[in-house]
Every structure is written in structure tokens, then in C-alpha cells.
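Trainee: Predicted coordinates and the sequence they were generated for:
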Amino acid sequence: MYLYGNLLDGIILNALNEDVGTGDITTESTIPTDRVAKGLYKAKESGVLCGIGVAERVFKLINPDIVFTAYKNDGGRVEKGDIIAEVYGRATDLLTGERTGLNLMQHMSGIATRTAEAVKQVEGTGAKICDTRKTTPGLRVIEKYAVKVGGGTNHRFNLADGILIKDNHIVAAGSITDAVKAARQNAPHTLKIEVEVETFGQLDEALAAGVDIIMLDNMTVENMAKAVKIIAGRAVTEASGNMGDRNLAEVA
């Protein structure tokens, strides 16, 4: 698995530095350095696996000689009790890396599993489940990868990926019209322009400005339906706002 090369290594090394500190004092004090061991990663719950390559990379950064054998792949479903992977090598190295590898893999698997559940809820509607920039600082690359593994779609990766004019931009610029006009004058023409709207007045203004994408933010299902009819295909539509607590099929 490839995840932006050195960026992934940086995430793992930060995690190892956080966990190991100045040394794994328990392991160093109790386990002979020449002892070899085998360890197993076993699923305690059912779900969608994600991060198997990240877990392997954890051990390879600790000691390239560690043998990591994966029995399951990212995106595959695992059931409680399934053996996910086996690691073999110097016992001290395995004990030092086991928690970091597990933490990253279970975090990513949780995201992939929850995403897959959401994707299933909108199956057959033509709607896509997208992520946001509301990610854990420093972990965005692996979290957005996990969304893809779960069947979701990535939205902007960072602030340079597209123009998304939200409520604070509208206030600071003066209006949707002013914000869109300034974006067209100052931003690369290759970027699409998206505007977040909360009212039908803002919706009319965004349509008049000719934006590419309209995000319907925190609207009721009834108002979303009305808005989609008003837009009538003139812009791509997105729904946002507490989606984890809503009936996604109904929204879709």
C-alpha cells in the first residue's frame, strides 16, 4: 500500500516516539535481546479491515528483518476471531511495536467500517458518501484513505484543493456574490467554486452567481428536497450537517 511515502512514515514515527519515549523499559528489563517470538493480530469484532499495510510498516521501521504475513487485505470484511496477520522476529521489537500497529489499524478499520455502513444506507440512490476536513490533526492521510477503503469518496484533502465558500467567508467578503466574484478574479480558473447555503435566499444568490457546487447545510429533508428542485441540475448538490445522526437514505 502506498500512502504518500514519507508522510506515512512520519505519522508512524511520531506515533512510535509518543509511545516508546526514551525506551520500552518493561521489555528491555524483562526480555533477552536474542529471543525470537511470533505474534498474531486477531479480530475482536466484525468489520471492514483497513491499515494492514500501515501495521506492517510500523514493524519494518523498527526492524526491517521482522517478517509480517498478512492473511487479510484492506477493504475485506473480517469476523470476530479471524486471524488478520502474523508477525515473527526479535521479541523485543515485536513488543515495542505491537500497540502502535494495533492503534493505527483499529482506528483506520473503525473509519472504514462506519463508512461502509453509511455507503450501504444510500445504496441505489445515486448519492455518494463524502468525508470532510474534520480529521484528527496529523492523521488526515490515513483517515481519508480509510474512507476510500470503506467505499466512500474523498472531498477536499486540504485548503488548496478547491474553493469552498462557507458562512465565515461570506460574512468576511460581504456576500455570496462578492465572494464568488473575488474567487473568479483571484483563484486559478481550473478550480471549481462551491458555496455553502443555509437559506433559500442564499441558494438563489449562489445560483445567480453561477457556482459549480452547492452545499445544503443543516437543512431539513423537506427543505433539501425543495432546494434540489430549485437547483434543477444547474449545480452539483451536497448535503451537510450532523449527517451521522440522520436517516441517510432519506437524505439521499
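Mentor: Noted; the coordinates are in hand. The structure presented is a predicted model; accordingly, all values stated were derived computationally and were not measured.

Trainee: L61: which element?
Mentor: helix 52-62 (DSSP states H and E).

Trainee: Mind listing what's buried along that helix?
Mentor: Buried residues in helix 52-62, counted by 16 or more other C-beta atoms under 10 Å: I52, G53, V54, A55, E56, R57, V58, F59, L61, I62. C-beta coordinates here come from the backbone N, C-alpha and C atoms, glycine included.

Trainee: Surely the second one touches D74?
Mentor: It refers to G53. Yes. Using C-beta atoms under 8 Å, G53 is in contact with D74, at 6.9 Å.

Trainee: what sits against the most centrally placed residue in the chain?
Mentor: The chain has K144 as the residue nearest its centroid, 2.6 Å off, counting by C-alpha atoms, centre = their mean. Counting by C-beta atoms under 8 Å, 6 or more residues apart in numbering, K144 touches D131, T135, N154, F157.

Trainee: redo that, cut-off 6 Å
Mentor: D131, N154 (C-beta atoms under 6 Å, 6 or more residues apart in numbering).

Trainee: what's the answer for T153, then?
Mentor: T153 touches K128, C130, counting by C-beta under 6 Å, 6+ apart.

Trainee: Let's see that with 7 Å instead.
Mentor: Residues in contact with T153 (C-beta atoms under 7 Å, 6 or more residues apart in numbering) are K128, I129, C130.

Trainee: Next, the buried residues of the longest helix seen in the chain.
Mentor: Longest helix in the chain, counting residues (DSSP state H): helix 91-121. By 16+ other C-beta under 10 Å, the buried positions in helix 91-121 come out as 91-98, 100-101, 104-116, 118-119, 121.

Trainee: what angle sits between it and helix 52-62?
Mentor: Per axes from the mean of the first three to the mean of the last three C-alpha atoms, to 10 degrees, the angle that helix 91-121 makes with helix 52-62 is 160 degrees.

Trainee: name the helices or strands packed onto helix 91-121?
Mentor: helix 6-20, helix 25-30, strand 36-42, strand 47-48, helix 52-62, helix 140-149, helix 248-251 (3 or more C-beta pairs under 7 Å, 6 or more residues apart in numbering; DSSP states H and E).
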